[in-house]
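Fold the following, please.
(chains A, B, C, D, E and F)
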4 protein chains.
Amino acid sequence: MPENDWIQELLSSDKGALSDKQVKILEAATEIFAERGYAATSTNEIARRAGVAEGTIFRHYKTKKDLLLSIVTPTMIKFVAPHFAKSFAKDVFNEDYVSYTDFVRKLAFNRFDFAKKNQQILKIFLQEIAFHEELRTPFKAIFTEHILNKFKAVVEKFQQNGEIVSMPPESVMRLTVTNVIGLVLARFLFLPEADWDDEAELERTVDFIVKGLSK
Amino acid sequence: MPENDWIQELLSSDKGALSDKQVKILEAATEIFAERGYAATSTNEIARRAGVAEGTIFRHYKTKKDLLLSIVTPTMIKFVAPHFAKSFAKDVFNEDYVSYTDFVRKLAFNRFDFAKKNQQILKIFLQEIAFHEELRTPFKAIFTEHILNKFKAVVEKFQQNGEIVSMPPESVMRLTVTNVIGLVLARFLFLPEADWDDEAELERTVDFIVKGLSK
Amino acid sequence: MPENDWIQELLSSDKGALSDKQVKILEAATEIFAERGYAATSTNEIARRAGVAEGTIFRHYKTKKDLLLSIVTPTMIKFVAPHFAKSFAKDVFNEDYVSYTDFVRKLAFNRFDFAKKNQQILKIFLQEIAFHEELRTPFKAIFTEHILNKFKAVVEKFQQNGEIVSMPPESVMRLTVTNVIGLVLARFLFLPEADWDDEAELERTVDFIVKGLSK
Amino acid sequence: MPENDWIQELLSSDKGALSDKQVKILEAATEIFAERGYAATSTNEIARRAGVAEGTIFRHYKTKKDLLLSIVTPTMIKFVAPHFAKSFAKDVFNEDYVSYTDFVRKLAFNRFDFAKKNQQILKIFLQEIAFHEELRTPFKAIFTEHILNKFKAVVEKFQQNGEIVSMPPESVMRLTVTNVIGLVLARFLFLPEADWDDEAELERTVDFIVKGLSK
DNA sequence: GATGAATGAGTTTTCATTCAT
DNA sequence: CATGAATGAAAACTCATTCAT
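Okay, here's the model as predicted:
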């Protein structure tokens, strides 16, 4: 079940003190939130699928929303925060790239892999960020602090050395990110049943971005 | 309120027999569905914002889901079906284009404009299509029948005449669509507050797509 | 539609001023009350089956209960009150009988015929008399005044002349009535689908009563 | 409260795991269903009379109809199914009778006693069987399987030995049953206030049936 | 008279949350 | 710690009745 990879990571992370029941609750909630959406999911159903009593959920999570945040927030942070050794930010931004191509390839493959392992949570995140301030605010903060400026620096570096076209760095970033996310969503959300050659499609997408931004 | 443009069109369309209260219900429901999501919206709140009794909603729409479908379906159809004279399909696909650039520009400006006028409904649609079979099935059917093959034909034509690169037409379509939708979402959903130069950003996006796909 | 015979009679009776729509409402209500019961029937459904607007019902009948009473009361009265020329009371009680057999035969055939023509209303009556004081009180009054004493007199007459057994007249009446009603209910309510020889079964029932009560 | 005898039996039966509140709900529902009829009873009122929250009802019974069936079905089954040691079927049909008189007496006293102890439920049953397929179908099945043929065998035996008259056994059964039920209904439903000498009335009824059917 | 849209009180049912065991 | 019965507030939906047209 690669969609629940995050739980393994949670378990092996420092907080690690998750009881057996707690893990089952998180797994069940993740599944059903992804299937039906947060608001349409009842705690009763989560309890049943997790094989625990309804009261047990509230022993570990004060409210249903607490449960949602407990599922989504760590992944959201892991998506960005640099103190996770193998994280995106470290991998992608804290290295020196010889070319924008290099950078985009790393970015795309890295995030594609991450999405593959966290499909359900990412789906929940995408659905719910629109409706929960508690998700939106920290996400914006983390994103701005850890990603935005580093990304911008990378873009400006390769604009200055002439590899990529002169336009507002925000536009470059938007176009780059759009295509990575677009691939991920098409692959895992919209057309998961289709017959994908992941490697080839990733390469095509990277080539497309780079050529589109080339001078 | 350009987000509710669709109601004007509904009113002027053949079905047109919408009572005053019915319009208010549709407007209120659209607003709140977009704000909080379908499942988190109560009919009581819709009634209050619409200024009608709760029972009135159910006189016009058998169930809450019926109300959702009544809001989303017409827009979904209008998005595609060719018998609406000025529709997307007619505009974009039933013409001859001298270049893929031409086609992409038309597509991007046309859909950008449509999205601008139908922000709320499109947001609702994007949120809810994941959870309602009643939305997914007809959408797939309409999309497949009215868009897919025509789009593919356009792509293959310009692949044959050498304007765009040789790769699976599905990939070309995906990359093209991703960037149009990506722009629309960034503009109206994720960063509506930012300082956008719509014209310029559209042009940049079109150029990017075309250059990225050029041979 | 012999079950709605009563409406014909209503029409031809003195009140006779029933509009076309009114008749349709009475017919529809009778049907649905008999099918689902009074409490489980909505005025909306009555209106639809009658082919009139819901408001029209309330133009003719102040409340839903009014409609019920309008359907059930005349039949209930007709069942007993002597001023309807051809009524039960006249037929059965105001004549001289040469034997109890004679009397029971008349009673049984007469009421069987009446039930056959008023199945639906009788069903409604039986169901609803348990729950509506407005039905129970007048029924008791009419029954006591017009039936009870006359019936008792008949019984006592044939007890005195030795045709039937000595026991409390109330018991004789109960046993007699039970068997007439029992036949009617079995025939029209419980086992209407069975293969009945009405004539023979009536005769059997009459014989049974008379023999059971003989000295 | 002899009308609720069934609950005692339910409690002492194998399922016995009825919580305190559950018993109160069943008692309250039985009372009000009998008073006003199923359709005219609100779950809110049941909850109030039972002294529980409305939600509690639905924790134990998925729907209001479920509650009805939970009340009526066990009694209905107990009325017939032979595996209840002291049940009607065992008592009445599985013994050898020396005469039809013997049989009718046993039947009448036995069912009279049962009715006395289950007045409310039997009233609900009689009212609602007309409107609920879920009640009608199992009742017919149970009745046909456990009663009909055994009863018929008894009748035919005494027709052959000449104690009772030659007529279709169905008619004999109808006349017999009619008078037992007729007595029960008169006694407990129609005229419970009257001054009854139960013993005497039962004897009269038995004598009447037997004499009426004698050769 | 007839209509049917509108009402609002009421109905059944759901659900997050609590708490005694 | 875990349970699951109980809660009560709120949800979706129904319905008899009214009233402007």
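
Can you tell me how far the closest residue to DNA strand F within chain A is from B:Lys140?
Closest to DNA strand F within chain A is A:Gly55: 1.8 Å, counting by Cβ to the nearest atom of the strand. C-beta: built from backbone N, CA, C; applies to glycine. Note on A:Gly55: its distance to B:Lys140, by Cβ to Cβ, to the nearest Å, is 42 Å.

same thing with A:Leu135?
From A:Leu135 to B:Lys140 the distance is 30 Å (Cβ to Cβ).

Please identify which of those two sits among more neighbours.
A count of neighbours by other Cβ atoms under 10 Å in any protein chain shown puts A:Leu135 above the other of A:Leu135 and B:Lys140, at 20 against 12.

so who does the more buried one touch?
Residues counted as contacts of A:Leu135 (Cβ atoms under 8 Å, 6 or more residues apart in numbering or on different chains) are A:69, A:72-73, A:76, A:125, A:128-129.

Can I have the buried ones of those as a ChimeraX selection?
Those of the contacts of A:Leu135 that count as buried under 16 or more other Cβ atoms under 10 Å in any protein chain shown are selected in ChimeraX with:
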select /A:69,72,73,76,125,128,129
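
Now go through the contacts of A:Leu135 and say which are in strands.
Among the contacts of A:Leu135, DSSP state E puts none in strands.

Considering the contacts of A:Leu135, which is situated nearest to B:Val184?
A:Ile129 (17.5 Å; Cβ to Cβ).

what's the closest non-adjacent residue to that closest one?
A:Leu135 (4.8 Å; Cβ to Cβ, 6 or more residues apart in numbering or on different chains).

May I have the secondary structure class of the one you found?
helix (DSSP: H, G, I helix; E, B strand; the rest coil).

And the pLDDT at it?
Per-residue pLDDT puts A:Leu135 at 93.

Same check on A:Leu148?
For A:Leu148, pLDDT reads 87.

A:Ala34 sits in which helix or strand?
If you go by DSSP states H and E, A:Ala34 is part of helix A:20-36.

A:Tyr38 too?
Using DSSP H and E, A:Tyr38 falls outside every helix and strand.

A:Gln127 is in contact with that one, correct?
Yes. Using Cβ atoms under 8 Å, A:Tyr38 is in contact with A:Gln127, at 7.2 Å.

rewinding a little: how close does the residue of chain A closest to DNA strand F sit to chain C?
38 Å (Cβ to the nearest Cβ, to the nearest Å).

What's the local residue count around A:Glu27?
Neighbour tally, A:Glu27, other Cβ under 10 Å: 19.

Check the contact between it and A:Ile46; I expect there is one.
No. With contact defined as Cβ under 8 Å, A:Glu27 does not count as touching A:Ile46 (9.8 Å).

Any stretches of chain A with poor pLDDT?
With pLDDT under 70 as the threshold, chain A has low-confidence stretches at A:1-16, A:80-95.

give me that answer again for 80
For chain A, residues meeting the criterion pLDDT under 80 lie at A:1-18, A:78-97.

where exactly do the helices run in it?
A:5-12, A:20-36, A:43-50, A:54-60, A:64-78, A:88, A:100-117, A:119-128, A:133-142, A:149-160, A:169-185, A:198-213 (DSSP state H).

Buried residues of the last one, list them for me.
Within helix A:198-213, the residues that count as buried by 16+ other Cβ under 10 Å are A:201-202, A:204-210, A:212-213.

export those residues to CSV and tack on distance to D:Leu175?
Formatted as CSV, the buried residues of helix A:198-213 follow (distance: Cβ to Cβ, whole Å):
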residue, distance to D:Leu175
A:Glu201, 84
A:Leu202, 87
A:Arg204, 89
A:Thr205, 88
A:Val206, 93
A:Asp207, 94
A:Phe208, 91
A:Ile209, 93
A:Val210, 97
A:Gly212, 95
A:Leu213, 98
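
Could you identify the most distant pair in the residues you listed?
A:Glu201 and A:Leu213 (18.8 Å).

can the buried residues of helix A:198-213 go into CSV with extra columns for distance to chain B?
Shown next, in CSV, are the buried residues of helix A:198-213 (distance: Cβ to the nearest Cβ, whole Å):
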residue, distance to chain B
A:Glu201, 7
A:Leu202, 11
A:Arg204, 5
A:Thr205, 7
A:Val206, 11
A:Asp207, 8
A:Phe208, 4
A:Ile209, 7
A:Val210, 8
A:Gly212, 3
A:Leu213, 7
